[in-house]
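Peer 1: fold the following and give me the result.
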Amino acid sequence: MSTWPLRLGEPGRGRAVGLAAGLALALLLVATPIGLVAAVDPSRVVLAVVVALVVAVCALRVDIALLLLVAATPLEAAVSISANPLITVTKVTGALCFASFAIYAVISHRKLRFDRTHVIVFLILALALLSTLQAREFEPALSTTVRYASFVALYVVVSQLIGDYTLQRRLAWVLSISSAIAGVIAMRAFLDEASYQATLPYGDPNDLAFTLATTLPLTIWLMRERWILRPVVAALIGVIALSILLTYSRGALVGLAAATLFLLATERRRVQIVLVGGLVTLVATMAFLQTNAERVEEGIQAKSKVASYNVETRLEAWDAAVELASERPFLGVGPGNFRAHYGEVAGIPPGAEALGVVHNAYLDVAAELGIPALVLFLAYLVQVFIRMTLARRWENGLPGFASAVRLSFVVAIFSAMTLSEQYYAPFWLLGALGTALWAEGKVGGERPLTPLLVRGPRLGDAGEGTPPQPGAADDTDYDLDMRERLVEQRERRVAAQVRALREEQQILDSRSEELAAREAEVVRKELEASGGPARRGWALRELERLVAERAGEHPDRVAEWRRLLGYLRTAADSDGFLPAAYNAFVREAFGDLVEGDGR
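Peer 2: Residues are numbered from 1 along each chain as shown. Here you go, the predicted structure:
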């Protein structure tokens with residue numbers, strides 16, 4: 001599990017040169033779109049200025065670019081920015097985020113950390129590109145591959161957040177708020193009778209439910225925030241949970257149920273988390289039903305009418321995916337090309353509507369990208385889950401954050417058994433967070449991506465492992481609370497180490513006593529075997545005197561000598577003398593105390 005550092009930029013270059021280059025590039029990014037729009041449509045110059053400024057800010061602030069990409073993930077299907085499928089919110093923000101991070105890496109000479117999970121992610125991308133070249137329908141294949149490439153960029157950037165607790169916390173907040181907004185938009189469509197399920201205008205309710213379900217554990221984790229923010233967090237939990245229920249997505253509910261059972265089986269002390277989430281969901285559901293019971297009933301009836309048909313078609317899709325994977329085991333039929341082949345394999349008449357996805361992420365990967373890609377995908381899931389478990393065991397990151405990330409990942413793994421979500425952000429965002437948390441136990445703290453002017457001093461600013469200086473001018477109540485929790489976390493680690501050392505010492509003492517008893521027993525049996533009266537050897541009182549007088553010279557051996565004297569008393573005669581056969585044992589056990597004695 002080693003990491004391979006890669007440094008961009010020459011170490012000898014000055015930061016001023018890099019910063020000047022970055023500012024020049026930012027100005028170019030601002031001026032270019034404004035000039036183009038002004039030439040084509042002067043009425044849209046204001047919009048062009050706003051977009052250009054956003055691009056420029058993201059170019060100089062990689063943390064803002066990353067948060068923008070995370071915010072766009074749940075809302076991707078809420079807006080359409082182009083009729084071209086290659087241009088979506090996620091792809092544009094993904095490209096912007098990766099470009100911003102590249103600029104930052106060059107200017108700051110930041111060490112990038114790559115490990116085996118990065119190799120797996122890039123290998124899957126390479127297989128997707130090769131599969132695209134032989135796909136029957138090239139346009140959806142290319143669009144799907146570009147989409148996955150944006151998540152590769154997301155994985156690379158987020159996995160570098162080693163020890164950047166501020167940005168990790170902001171990421172959880174942005175993802176939760178964005179998911180709640182998506183939930184509100186979806187519920188609005190449900191109430192306006194645009195759909196019998198809560199869904200976004202340009203998306204599928206199952207995809208929305210998957211994103212919201214994987215976000216929910218992170219939102220519940222935010223209940224650790226200070227009291228003034230907890231009502232806000234409770235509202236976010238209520239909106240997200242209610243939106244999941246109104247999508248009527250069984251796959252998302254299966255994932256949440258599996259995650260709940262997993263939490264109860266592995267972390268029973270966190271049962272209150274389940275209770276808090278369940279209570280908030282119950283209150284939100286009851287409040288919603290009070291005013292919208294009729295609309296909910298209509299949705300349930302509409303869903304029940306197609307439920308059996310959905311099960312049948314999904315079973316057929318699974319069979320078709322297995323057949324396609326067996327026919328093209330190496331590169332599959334191409335990304336996003338399952339729809340093009342499903343009709344032939346399932347025997348659907350021409351013109352009939354064909355399923356677009358397999359409704360099983362694992363079979364979908366095998367059918368569209370091939371068996372090697374499926375093996376890599378499963379290896380990625382296993383590796384990331386192990387890392388999340390280790391991060392939780394080592395208590396890396398903010399308190400409870402590793403557990404929340406792992407729980408979200410469990411939701412994703414089980415939901416993917418009935419949903420095709422391999423080309424959506426949660427798998428790759430959560431995996432990157434798990435890798436970053438795991439890496440804290442492997443490498444020293446990296447320079448945080450969050451600029452100092454914005455976030456103030458944090459762990460690692462003064463060097464690896466250097467704690468923040470007390471009394472910083474920009475400390476807030478939350479900062480102090482986080483510092484206190486981190487100190488408590490370190491104290492628990494030290495206490496655990498002390499307990500382990502004490503237990504180890506007790507084991508050693510027990511073994512020492514056992515060996516001393518066995519040695520005394522061996523000497524006794526030797527005496528019995530020799531027969532006849534034993535000659536006198538050392539007097540116990542003499543040994544006791546030597547131990548008392550010279551204890552200061554050998555403090556580390558005093559306890560052991562006193563234990564041996566206790567065992568030797570059982571072998572001494574009525575006058576307190578040991579048999580002569582014990583002389584060798586005494587010389588060996590008491591060492592320097594009896595040095596020079598002729599016995």
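
Peer 1: output the below-cut-off pLDDT ranges for the stretch 301-450 of the chain.
Peer 2: 349-354, 441-450 (pLDDT under 70).

Peer 1: again, only using 50
Peer 2: 444-447 (pLDDT under 50).

Peer 1: now residue 370. Its backbone dihedrals?
Peer 2: phi 110, psi 170 (degrees, to the nearest 10).

Peer 1: repeat that for residue 579.
Peer 2: According to degrees, to the nearest 10, residue 579 has phi -60, psi 150.

Peer 1: from residue 522, how far off is it?
Peer 2: 13 Å (CB to CB, to the nearest Å). No exception for glycine: its C-beta is placed from N, CA and C like everyone else's.

Peer 1: now swap in residue 184 and tell me
Peer 2: Applying CB to CB to residue 184 and residue 522 gives a distance of 81 Å.

Peer 1: and residue 317, by the same measure?
Peer 2: 75 Å.

Peer 1: do residue 567 as well
Peer 2: 12 Å.

Peer 1: neighbour count winner among those two?
Peer 2: Just comparing residue 567 and residue 522: by other CB atoms under 10 Å the higher neighbour count belongs to residue 567, 16 against 11.

Peer 1: quick check: the more buried one touching residue 517?
Peer 2: Yes. Using CB atoms under 8 Å, residue 567 is in contact with residue 517, at 5.9 Å.

Peer 1: phi, psi of residue 113?
Peer 2: phi -110, psi 120.

Peer 1: report the beta-bridge partners for it.
Peer 2: When assigned by DSSP bridges, residue 113 has beta-bridge partners residue 5.

Peer 1: got the buried residues for whatever helix or strand residue 97 lives in?
Peer 2: In this structure, residue 97 sits in helix 89-108 according to DSSP states H and E. Buried residues in helix 89-108, counted by 16 or more other CB atoms under 10 Å: 89-108.

Peer 1: which other helices and strands contact that helix?
Peer 2: Where contact means 3 or more CB pairs under 8 Å, 6 or more residues apart in numbering; DSSP states H and E, helix 89-108 is packed against helix 15-40, helix 45-60, helix 62-75, helix 138-158.

Peer 1: any idea how far it is from the middle of the chain?
Peer 2: Distance, stretch centre to chain centre, for helix 89-108: 22 Å (CA atoms, centre = their mean, to the nearest Å).

Peer 1: okay, angle between that helix and helix 138-158 too, please.
Peer 2: 40 degrees (axes from the mean of the first three to the mean of the last three CA atoms, to 10 degrees).

Peer 1: alpha carbons of stretch 430-443, as CSV, please.
Peer 2: Extracted C-alpha coordinates of stretch 430-443, given in CSV (Å, rounded to 0.1, in the frame of the first residue of the first chain):
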residue,chain,number,x,y,z
LEU,A,430,-16.3,8.4,-1.7
GLY,A,431,-13.4,6.3,-2.8
ALA,A,432,-11.2,9.3,-3.1
LEU,A,433,-12.1,10.5,0.4
GLY,A,434,-11.4,7.0,1.7
THR,A,435,-8.0,7.0,0.1
ALA,A,436,-7.2,10.4,1.4
LEU,A,437,-8.2,9.4,5.0
TRP,A,438,-6.2,6.2,4.7
ALA,A,439,-3.1,8.1,3.5
GLU,A,440,-2.9,10.1,6.7
GLY,A,441,-1.5,7.0,8.4
LYS,A,442,1.0,6.4,5.6
VAL,A,443,2.5,9.8,4.7
